[in-house]
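A.B. asks: Provided below for reference: sequence and predicted model.
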Amino acid sequence: MLARNSQLPRKSLTSLALAITPLLWACGAQAAQITFGLSAQDITFTGNGGGALSISSPILTGAAFYGTDPIGTYSISAMSFTTGVHSATGDFTPNINSETFTFVGGDGDRLTQTITWTLIQDDTLQPKFFGTGVVTAASGDSAFLADFAAGATDRLDFITMPLSGGQTLLTLSGTSGSESAPISSGEKFPVVHDVPEPASLTLLGTALVGLGLLGRRRNKAA
């Protein structure tokens, strides 16, 4: 009976460790995120009839926020570039491109970044853009500047609303037609926050070591 009961605390701690692990990863991924929403303008996608696309847009603007700051605004400078021929999965690699992302927080935080789009993913009716960028200017409180220091490299991605004609980019690229859609939502985050923070890893490691020691002691008692 003692051996059977001795498993209860260990099982409880194991369940706790498994439960908090996703939270530790999420904490690292979301710590410095700028989130933005629906753009007031559309992105236009035009097929070349041979499996590639032309991408164009006016300046894209909408609401955005950082952390718990009041709602601010974002903008992405006008797009004008082409892509290579789609991959077997329907994804597109943008050719040479360079845009500017700006953010003005509700409390005065400001950011300017040069973006290079590296992938346009087409696995749903809502295309996804992925890019990397370099912060060229930043101002604001100490927390914001620690997350988005000038010269830092980070990532930016967004998803659009469904294309106006209800088809995928893969289908569109085989025609000479055009489709349009605004940004639906997106996020911008430093690369360093892609992985669990050291403090989170230390906490998780300590918990796992404790589980091992507890198991040993319970087995000896049994």
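C.D. replies: Yep, it's here. Residues are numbered from 1 along each chain as shown.
A.B. asks: G51: how many residues sit nearby?
C.D. replies: 16 (other Cβ atoms under 10 Å). Backbone N, C-alpha and C define where each C-beta goes, glycine included.
A.B. asks: quick one: what helix or strand has it in it?
C.D. replies: In this structure, G51 is located outside every helix and strand according to DSSP states H and E.
A.B. asks: need the contact list for it.
C.D. replies: G51 makes contact with V85, H86, S173, G174, according to Cβ atoms under 8 Å, 6 or more residues apart in numbering.
A.B. asks: now the two most distant members of these.
C.D. replies: Checked with Cβ to Cβ, the contacts of G51 reach their widest spread between V85 and G174, with 10.4 Å between them.
A.B. asks: and L170, which of the three is it?
C.D. replies: Reduced to three states with DSSP: H, G, I helix; E, B strand; the rest coil, the structure at L170 is helix.
A.B. asks: can you tell me the closest non-neighbouring residue to it?
C.D. replies: Closest residue to L170 in three dimensions, ignoring its sequence neighbours and counting by Cβ to Cβ, 6 or more residues apart in numbering: G90, at 3.8 Å.
A.B. asks: right, and T168 touches I120 too?
C.D. replies: No. Counting by Cβ atoms under 8 Å, I120 is not a contact partner of T168; they are 11.4 Å apart.
A.B. asks: can you give me the buried ones in stretch 150-165?
C.D. replies: Applying a neighbour-count criterion of 16 or more other Cβ atoms under 10 Å, one finds A152, D154, R155, L156, D157, F158, I159, T160, M161, L163 buried in stretch 150-165.
A.B. asks: distance check, G166 against S173.
C.D. replies: G166 sits at a distance of 15 Å from S173 (criterion: Cβ to Cβ, to the nearest Å).
A.B. asks: before we move on, what's the pLDDT of R217?
C.D. replies: R217 is assigned a predicted lDDT (pLDDT) of 52.
A.B. asks: also T61?
C.D. replies: The pLDDT attached to T61 in the predicted structure is 98.
A.B. asks: one more: Q121?
C.D. replies: The pLDDT attached to Q121 in the predicted structure is 94.
A.B. asks: quick one: residues contacting it.
C.D. replies: Under the criterion of Cβ under 8 Å, 6+ apart, the contact partners of Q121 comprise D91, P127, K128, F129, F130.
A.B. asks: A strand includes A146, no?
C.D. replies: No. The assignment for A146 by three-state DSSP gives helix, which leaves it out of any strand.
A.B. asks: that one and S39, how far apart?
C.D. replies: From A146 over to S39 the distance is 28 Å, taken as Cβ to Cβ.
A.B. asks: with neighbour numbers in mind, choose between the two.
C.D. replies: Neighbour tally, A146 and S39, criterion other Cβ under 10 Å: the higher count belongs to S39, 26 against 11.
A.B. asks: surely the more buried one and L60 touch.
C.D. replies: Yes. In this structure, S39 sits in contact with L60. The criterion is Cβ under 8 Å, and the distance is 4.3 Å.
A.B. asks: mutual contacts of the two, please.
C.D. replies: Both S39 and L60 are in contact with I76, P182, I183, where contact means Cβ under 8 Å, 6+ apart.
A.B. asks: and the second one, which helix or strand is it part of?
C.D. replies: Yep, that's P182 we're talking about. According to DSSP H and E, P182 maps onto strand 178-190.
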